[in-house]
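1. show me how the following folds:
(chains A, B, C and D)
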4 protein chains.
Amino acid sequence: MAYQTIPGLDAMHALVKYVTEPKLANPIMVCGLPGIGSVAWLAVNHLQRELKAELFAEVYSPAFSPKVWLTDDGIVKLMKGEFYFWNNTQGGSDLVLFSANEQPYSPEGQYELADVVLELAQRFQVKQVITMGGMATDSFTEHPKVYVGGTDADLVKEVESLGGVKLAGGAITGTNGLIFGLAKPKSIAAICLLAETPGYLSLDANAAKSALEMSSKLLRLHLDYSALEKQARENSDAVHKARDLSRNNLPRDRDLSYVS
Amino acid sequence: MAYQTIPGLDAMHALVKYVTEPKLANPIMVCGLPGIGSVAWLAVNHLQRELKAELFAEVYSPAFSPKVWLTDDGIVKLMKGEFYFWNNTQGGSDLVLFSANEQPYSPEGQYELADVVLELAQRFQVKQVITMGGMATDSFTEHPKVYVGGTDADLVKEVESLGGVKLAGGAITGTNGLIFGLAKPKSIAAICLLAETPGYLSLDANAAKSALEMSSKLLRLHLDYSALEKQARENSDAVHKARDLSRNNLPRDRDLSYVS
Amino acid sequence: MAYQTIPGLDAMHALVKYVTEPKLANPIMVCGLPGIGSVAWLAVNHLQRELKAELFAEVYSPAFSPKVWLTDDGIVKLMKGEFYFWNNTQGGSDLVLFSANEQPYSPEGQYELADVVLELAQRFQVKQVITMGGMATDSFTEHPKVYVGGTDADLVKEVESLGGVKLAGGAITGTNGLIFGLAKPKSIAAICLLAETPGYLSLDANAAKSALEMSSKLLRLHLDYSALEKQARENSDAVHKARDLSRNNLPRDRDLSYVS
Amino acid sequence: MAYQTIPGLDAMHALVKYVTEPKLANPIMVCGLPGIGSVAWLAVNHLQRELKAELFAEVYSPAFSPKVWLTDDGIVKLMKGEFYFWNNTQGGSDLVLFSANEQPYSPEGQYELADVVLELAQRFQVKQVITMGGMATDSFTEHPKVYVGGTDADLVKEVESLGGVKLAGGAITGTNGLIFGLAKPKSIAAICLLAETPGYLSLDANAAKSALEMSSKLLRLHLDYSALEKQARENSDAVHKARDLSRNNLPRDRDLSYVS
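-> Reported below is the predicted structural model:
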């Protein structure tokens, strides 16, 4: 009779699994987990598809929901984060992309996942991290503004010079914010781009496009946005219909609140 | 005066205790924890009794309920998972069975237990894992269908060829699903079999029999189902009586939802 | 600039601090944490005072309430467990006593504390563990029965021969039950004694006396119970007064439920 | 394909980051996290500004809120604790100051942070720890009394001789109390000073001044309180206005309760 503690995915630690080991030159990391309007998630997914970026690592965490998904072919998929890489064919930096099915449900799990993402960034000598998110407004905007915060003032000014609006004060909650915030004590340059989104949209492709356009300027990337634009038009039609119905019921004059 | 941290069953780790070390040839593992209709738990218990499978290891976890049970003789029993083995006398693979009194109450504990089960599977070079569960429907069925998902398409097709129905999309929650899902990144072949069960039965022996019949076809096992059938008949009588009383009150046309 | 993780009382581990290192011959351990009617806590405290047992170790846990107490002299005290020892002057086994201000508030913390207590028991080669508790009944009894469960049938029979009633089935929740239950896989002989107590008493000295009398028979100890009896008489007077007022409002015919 | 666990800020451990390594002579530590009336937080902040104490270490914890702050310049800041030092220019002990944006939200996180603070105290051979807090009363007082508890009776008597009132019994909840309480088993001399504060003020500068005046007597410091006094006057005006409006609605005759 013997006791044995079996190591593995224990109740308290995320786990990274490498599918392959990419070679990356001066990489920049772009992160976006699901959040308000799914802005960041839509943006990173669009980027991954347009660039045909390749999966190289997955991260599992006991702080994700205890469930699995099935594909249409009946194949099982865990809740997870995914890292993609793209060797830049347009002359700029290589890219690492990060997204996940969901944010960890516990605050501690969110801190840990953010840390795991940045440890991977350090391992690949990522020179800059861009996280995205949505900023709730109380009405729909055709051309959402993009707000910016950074780990230093120069990064903020660079985005301001490209049309961004400085986030002067306020708080950003959730994993997208923590990746951004934990970058600072790790001496990784990072910015957070929040696109305006009305709180009532679950998938705001229009805001995602705004956030991604700003990221692309910073990355000197040329992207085709037609898939996002198509989704945005569909959203917009639905929104206009909803506004006609509920014009007098929408909240007014609320303060802007930052939620990623 | 000295401080001391005492190792052991700390607040965050499951612990496996071996009673004996079995010799196993090409083993297949069959798992079923309590869940909807107790389908998987009933199935694994029936299998263990019919095969007279032998206990070889127990797993304790601080994520089980903080309570103990007493037998009719006043002997104490902890909440635990149990591993049984069976050296196949019918010519096929040896078996490892896994069940538990309950599912861990915390999501992290569910992830950890699923991982512990699969680590043990790897240690014994288990070549396939079968997890079971129930799929809630809104009415009682004499012959419950068995749905199937897998870690790869060939496994799913094999079960379809035996009469199973492919789980095309959807989610499976809980430990039965996690054992199935975590098998994939560990490169263990696994399938999940969900038998239809009305949500209102706490012990659905009829559904358990359906799930176990499918497992037995895969395992090329010949089992006596009379104990399950007896329990199922008793259930069925109770159900018919209940249906007569509440025919007009039962929910209709609800979508199928997958819950293990 | 450097990161540093500082070891110590981290967020997940209990910590034992030794005040002194006792020499113990064939020790038996008696445990009682606060629970229903504070039965076990009152019993262990009475035992400690009557025997003038000496503090030799304390256990701190981050799963205790995040608060401190002040004595009447303004001296701070942490929430903690305390181990006392007594070198037997009556010819029997030496004793280790364990109690605490409260039970850990999280289930994981209860499992961990129970494990810490038993690890200490193993370190001192404790040959038997006695845990106590209350069993809720729906009415006050002058002479509470004492129920017994054990890690093996002989222990149960020994207590039955002394007037105890076998706990045939049921569950015991909380740390007192877990100490008892975790003893079994650690191969430590253990019994649990539950004295009948009405659920509405917060300090039931009468039940504590019954539990302690049974423990003393097992330990072949001669104790003075006058302090407990005095407190029990005061309780009893209050209870009789309350019963006269509320005789028709008390619940009747409820099943016995086991709660430590 | 390989698994990898990445170390770092995992889901269960606070992390200390040193900005610089101060040289300290016989240091005393003064701690104050946000709590009732923000008394301790205001006091430590005033002390830090008046002494121009210098930041030397930060502590991050996954038990802080999962969010980040932005400065008016758009620079990101994590939730954190901060350690400041001051080389005494008035002839007395050097000082270490500790505060944080908030208290960890989980009890385990509060225990861990308190332990981290005291481990740092031990590393710098801190000879005494002073924690502060508020004690809720049911009415506003121009001259709040300061209550005192200590790790030994002499410390309590010293503060009584300076006008403090002994905390005879009661409990102190939260991190300020735990730093104080955990100091005792670590053999660090510590006192806790609680200034009277009405429960309805979120920032009670008047109480903060009382607590800090007592600390200054102990530290033999000469401080300028004008900033706190200005804030206290503004508070007081608001309070008097509120009292005139609600004089008959305020709770009366409530027992004093100790809350830090």
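2. shaky segments in the stretch 151-260 of chain A?
-> A:238-260 (pLDDT under 70).
3. which residues of it lie near chain D?
-> A:151-153, A:156, A:166-175, A:177-178, A:180-182, A:184-185, A:190, A:192, A:258 (CB under 8 Å from any CB of the partner chain). Yep, even glycine has a C-beta here, placed from its N, CA and C like the rest.
4. give the contact list for the residue in the stretch 101-250 of chain A positioned nearest to chain B.
-> Distances from the stretch 101-250 of chain A to chain B, computed as CB to the nearest CB, single out A:Tyr105 as the nearest residue at 7.1 Å. For A:Tyr105, the contact set (CB atoms under 8 Å, 6 or more residues apart in numbering or on different chains) comprises A:Ala63, A:Phe64, A:Ser65, B:Pro107.
5. what's the closest of the residues you listed to D:Pro144?
-> For the contacts of A:Tyr105, the minimum distance to D:Pro144 (CB to CB) is 43.2 Å, reached by A:Ala63.
6. sorry, back to before: and the residue of the stretch 101-250 of chain A closest to chain B, what's its pLDDT?
-> Looking at A:Tyr105, its pLDDT stands at 89.
7. helices along chain A, start to end?
-> A:39-51, A:107-123, A:153-161, A:175-183, A:205-219, A:226-246 (DSSP state H).
8. quick one: closest of these to B:Gln231.
-> helix A:107-123 (40.7 Å).
9. does that closest one reach chain D?
-> Yes. Contact of helix A:107-123 with chain D is found when judged by CB under 8 Å from any CB, involving A:Pro107, A:Glu108, A:Gly109, A:Gln110, A:Tyr111, A:Glu112, A:Asp115, A:Val116, A:Leu118, A:Glu119, A:Leu120.
10. how close does the last one get to C:Ile172?
-> Here the criterion is CB to CB, to the nearest Å. By it, A:Leu120 lies 47 Å from C:Ile172.
11. which one of these two has more residues nearby?
-> C:Ile172 (26 against 22; other CB atoms under 10 Å in any protein chain shown).
12. how about that one: which residues does it bridge to?
-> B:Val68 (DSSP bridges).
13. wait, isn't it in contact with C:Ile191?
-> No. Using CB atoms under 8 Å, C:Ile172 is not in contact with C:Ile191; the gap is 11.9 Å.
14. which neighbours do these two have in common?
-> In contact with both C:Ile172 and C:Ile191: C:Gly149, C:Phe180, using CB under 8 Å, 6+ apart.
15. count of neighbours near A:Thr89?
-> Other residues close to A:Thr89 by other CB under 10 Å number 8.
16. can you redo the helices of chain A as TSV with distance to chain C?
-> Putting the helices of chain A into TSV (distance: least, CB to the nearest CB, whole Å) gives the following:
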stretch	distance to chain C
helix A:39-51	28
helix A:107-123	9
helix A:153-161	20
helix A:175-183	12
helix A:205-219	27
helix A:226-246	40
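17. and those, which is most packed in?
-> Highest mean neighbour count among those (mean count of other CB atoms under 10 Å in any protein chain shown): helix A:175-183, with a mean of 29.
18. which helices and strands sit right next to that helix?
-> In terms of contacts (3 or more CB pairs under 8 Å, 6 or more residues apart in numbering or on different chains; DSSP states H and E), helix A:175-183 is packed against helix A:107-123, strand A:128-137, strand A:171-173, strand A:190-198, strand D:67-70, strand D:76-78.
19. return the residues in contact with the residue most central in space within chain A.
-> Chain A has A:Gly32 as the residue nearest its centroid, 0.8 Å off, counting by CA atoms, centre = their mean. By CB under 8 Å, 6+ apart, the residues touching A:Gly32 are A:Val39, A:Ala40, A:Trp41, A:Leu42, A:Ala43, A:Val44, A:Phe98, A:Ser99, A:Thr131, A:Met132, A:Gly133, A:Asn176.
20. before we move on, what about A:Ala121?
-> A:Met29, A:Val96, A:Val129, A:Ala183, A:Ile188.
21. just among those residues, which is most surrounded?
-> In the contacts of A:Ala121, the most neighbours by other CB under 10 Å go to A:Ala183, 29 neighbours.
22. surely A:Thr137 is in contact with A:Glu196?
-> Yes. Counting by CB under 8 Å, A:Glu196 is a contact partner of A:Thr137 at 4.8 Å.
23. and those two? which has more neighbours close in?
-> A:Glu196 (25 against 18).
24. the more buried one and A:Gly134, how far apart?
-> Counting by CB to CB, the gap from A:Glu196 to A:Gly134 is 8 Å.
25. shared neighbours of the two, which are they?
-> By CB under 8 Å, 6+ apart, the residues touching both A:Glu196 and A:Gly134 are A:Ala207.
26. who are the contact partners of A:Glu229?
-> Residues near A:Glu229 by CB under 8 Å, 6+ apart: A:Ala205, A:Lys209.
27. list the contacts of the closest residue to A:Ala183 other than its chain neighbours.
-> Among residues not flanking A:Ala183 along the chain, A:Ala190 sits closest, at 3.6 Å (CB to CB, 6 or more residues apart in numbering or on different chains). Applying CB under 8 Å, 6+ apart to A:Ala190 gives the contacts A:Gln128, A:Val129, A:Ile130, A:Thr131, A:Gly150, A:Thr151, A:Leu155, A:Ile179, A:Phe180, A:Ala183, A:Lys184, D:Val76.
28. kindly report the same for A:Val159.
-> A:Val146, A:Val148, A:Gly150, A:Ile191, A:Leu193, A:Met214, A:Leu218.
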